[in-house]
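All I have is the shape, not the residue letters:
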């Protein structure tokens, strides 16, 4: 999987892997209970700050998250949650538009009416706080990884 960082957690013990920027404890404490409450065994987002708005500043420059969870059946960790989080860094997204929506419309008539823009000059909107989108291959990898994990635990 193409990710910038990884956290594996069993219960309250976690291991950081790859080149992950420092994830503050505030963000970690936010992500864990939120994910454990999720009914789905896996979640994916390319806009992590929208999921964790209260800790958005402490999770920068991370923007994408794919996570899976299960319950351990291994004798030493039985009943504990096993979670794997993959993170992606922010990669500003450029969205091209035909015309700037913030540009004032020129009115030549006395009565305002709907009219097309006078200029369709190319305008680029830059969206921040987003990562590369997770691909279908990434989703399949996550599902296969979870299935393999279930067989091992």
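Received it, and whenever you're ready, just let me know what you need. Because the structure is a prediction, the values reported are computed rather than measured.

where does the protein have its least confident helix or strand?
helix 56-59 (a mean of 70; mean pLDDT, DSSP states H and E).

same for it, what does it pack against?
helix 25-37, helix 48-51 (3 or more C-beta pairs under 8 Å, 6 or more residues apart in numbering; DSSP states H and E). Using the backbone N, CA and C atoms, a C-beta is placed for each residue, glycine as well.

Columns mean pLDDT and distance to residue 135 on top of the ones you listed, output as JSON lines?
Converted to JSON lines, the helices and strands packed on helix 56-59 look like this (pLDDT from 0 to 100; distance: least, C-beta to C-beta, whole Å):
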{"stretch": "helix 25-37", "mean pLDDT": "75", "distance to residue 135": "21"}
{"stretch": "helix 48-51", "mean pLDDT": "78", "distance to residue 135": "17"}
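
for residue 138, phi and psi?
phi -60, psi -40 (degrees, to the nearest 10).

If you could redo that for residue 4, that was the one I meant.
phi -90, psi -10.

so it sits right up against residue 89, yeah?
Yes - at 4.7 Å, residue 4 counts as touching residue 89 under the criterion of C-beta atoms under 8 Å.

Give me the common contacts of these two.
residue 62 (C-beta atoms under 8 Å, 6 or more residues apart in numbering).

higher neighbour count, the two?
residue 4 (20 against 17; other C-beta atoms under 10 Å).

quick one: the more buried one from residue 62, how far?
8 Å (C-beta to C-beta, to the nearest Å).
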